[in-house]
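Novice: Sharing a model prediction with you, sequence too.
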Amino acid sequence: MAVHRIIGKHIISEEELRNNPSRIAEIMQSQRPPALGGQIRALGATTPYMPIGKGLPLTVLIRHVYTGQHPDPNFLGHNGDIAVVSGVRDFDVFNAAARALNFIQESVPPNSHLNAPSAFTNGTPLVAYSPAVLADSITLTIELAAARFPQGFVKSLSGAFTALAGIPMLMPYAGWLLGSGQITKLAGDIGHALMDGPVFTQTERLDFELPGATMAIADFRVISRSEFPAHLFAYKEGKGLVDLDDQAYRGEQPYVVVSLDGRRNDKYAKFAPTLASAAVLERFFQVKEGQQAAIDTLIEGMRLASDLKYRQLAEGLAQDIAAAAGDAETIKSLTQQLKAVRDNIQTPALRPPMP
């Protein structure tokens, strides 16, 4: 696995980031908007990124997908379908983990560049969202699956993605799809293509407060296999990795570009409770193939359970603040933690007052 940071027009490997801090500092200084305190602006962006960190919002989006040698023309003919799947682990106080279907691009030839999702594709670029990060570290996974998906299945995703309003369709267990208030068990060949046979899978860890680890910052990242020399290219929004002649890379190695941003996005507020719901679904449902079962009540219950869990954490922090009377530094730190926990409570009546 290789992860490269995009800093302005430069693509920097994680190894160089660790071993050559003076050059990185020079690049970042030249790219730094004053309001970001050292966190950087994406190349060509008109809206600056907001800082990320523990206690701050986090939005992870897929910005560009390059399919490389896939779909394999010898296996699927000239064109095939590409499914983009993401996953998140160690997320929020439930330590929830689940995979999600972001979108399916139909009839894709090899060496295709996808700006995810396109205007003709139903889906979402969202990988993860938190109104205030509490975990010390979050693990993200990006996968590409190549297959020929039944047109009826792809068409049925349209209404589900619309109802989800930007939340990806979670796949809590092999062959199950969670979306638009329903849990569906997929036909065997569809579930196998999505869950068991990705042609590309790479994992990235975002560290926010892990001793000895490099802290995640707001930026673009190129996620690729270790043998792909992404640092030899520059990144251009809407075009992907380009060479010195501004020509897009068209080699065999696939890659995915993701962005990390600290701007609050209330439209993604249902991400955490939906993820928590996906993590516990197996306890409640034994759905027969092709059938559906309503789960609105379960999702609402998990949202309330999530709020109550955060409320308990908030009450404990409030007690610690009261006990730290006279210690200004401790009170400041605990108050910041309390605000982060409080921001994760979606039910207004359950939010405790700030001291």
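Specialist: That came through fine. Numbering: from 1, shown residues only.
Novice: Please, where are all the strands along the stretch 51-200 of the chain?
Specialist: 58-66, 80-91, 96-108, 113-114, 126-130, 137-147, 169-171, 176-179, 182-185, 200-207 (DSSP state E, counting those that start in this stretch).
Novice: From L338, how far off is A314?
Specialist: Per CB to CB, to the nearest Å, A314 is found 6 Å from L338. C-beta coordinates here come from the backbone N, C-alpha and C atoms, glycine included.
Novice: and if you look at T214?
Specialist: Applying CB to CB to T214 and L338 gives a distance of 27 Å.
Novice: Please apply the same query to I223.
Specialist: For I223, the distance to L338 equals 34 Å [CB to CB].
Novice: same question, Y49
Specialist: 26 Å.
Novice: What are the boundaries of the helices in the protein?
Specialist: Using DSSP state H, the helices of the chain run over 14-19, 21-31, 73-76, 151-164, 188-195, 271-280, 296-323, 328-343.
Novice: can you tell me which residues contact P229?
Specialist: Contact analysis of P229 by CB atoms under 8 Å, 6 or more residues apart in numbering lists nothing.
Novice: Can you list phi and psi of it for me?
Specialist: phi -80, psi 70 (degrees, to the nearest 10).
Novice: what's the neighbour count on the closest residue to Q69 other than its chain neighbours?
Specialist: Nearest in space to Q69, with sequence neighbours left out and distances taken as CB to CB, 6 or more residues apart in numbering, is E252 at 4.2 Å. By the other CB atoms under 10 Å criterion, the neighbourhood of E252 contains 10 residues.
Novice: the domain parsing of the protein - what is it?
Specialist: Domain ranges of the chain: 46-211+241-294, 298-350, per automatic domain parsing.
Novice: Buried deepest among those domains, which one?
Specialist: Of those, the one with the most neighbours on average (mean count of other CB atoms under 10 Å) is domain 46-211+241-294, at a mean of 18.
Novice: pLDDT (mean, whole number) over that domain?
Specialist: Across domain 46-211+241-294, the average pLDDT comes to 81.
Novice: ditto for stretch 4-18
Specialist: On average, stretch 4-18 scores 79.
Novice: Just the CA trace of it, in CSV.
Specialist: Extracted as CSV, the C-alpha positions of stretch 4-18 are listed here (Å, rounded to 0.1, in the frame of the first residue of the first chain):
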residue,chain,number,x,y,z
HIS,A,4,1.0,10.1,-1.1
ARG,A,5,0.0,13.6,0.1
ILE,A,6,-0.9,16.2,-2.5
ILE,A,7,0.5,19.5,-1.5
GLY,A,8,-0.2,22.2,-4.1
LYS,A,9,1.2,20.8,-7.4
HIS,A,10,3.5,18.4,-5.5
ILE,A,11,2.8,14.7,-4.7
ILE,A,12,4.8,13.7,-1.7
SER,A,13,5.3,10.1,-0.4
GLU,A,14,4.8,9.3,3.3
GLU,A,15,8.4,8.3,3.5
GLU,A,16,9.6,11.7,2.3
LEU,A,17,7.1,13.4,4.6
ARG,A,18,8.9,11.7,7.5
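Novice: rewinding a little: now the strands of the stretch 51-200 of the chain as JSON lines including distance to Y235?
Specialist: Converted to JSON lines, the strands of the stretch 51-200 of the chain look like this (distance: least, CB to CB, whole Å):
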{"stretch": "strand 58-66", "distance to Y235": "8"}
{"stretch": "strand 80-91", "distance to Y235": "18"}
{"stretch": "strand 96-108", "distance to Y235": "20"}
{"stretch": "strand 113-114", "distance to Y235": "12"}
{"stretch": "strand 126-130", "distance to Y235": "18"}
{"stretch": "strand 137-147", "distance to Y235": "16"}
{"stretch": "strand 169-171", "distance to Y235": "28"}
{"stretch": "strand 176-179", "distance to Y235": "31"}
{"stretch": "strand 182-185", "distance to Y235": "37"}
{"stretch": "strand 200-207", "distance to Y235": "16"}
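Novice: just to revisit the earlier point, who wins for proximity to L206 among the helices of the chain?
Specialist: helix 14-19 (12.4 Å; CB to CB).
Novice: Quick check: buried residues in stretch 215-235?
Specialist: Neighbour-count burial for stretch 215-235 flags 216-224, 228, 230-231, 233-235 (criterion: 16 or more other CB atoms under 10 Å).
Novice: Surely K9 touches Y235?
Specialist: Yes: taking contacts as CB atoms under 8 Å, K9 lies within contact range of Y235: 7.5 Å.
Novice: list the contacts for the residue nearest the centre of the chain?
Specialist: Nearest to the mean C-alpha position of the chain, by CA atoms, centre = their mean, lies V127 at 2.3 Å. If you count contacts by CB under 8 Å, 6+ apart, V127 has them with 60-62, 86, 88, 100, 102, 140, 142, 168, 258.
Novice: do G55 as well
Specialist: Residues near G55 by CB under 8 Å, 6+ apart: 132-134, 336-337, 339-340.
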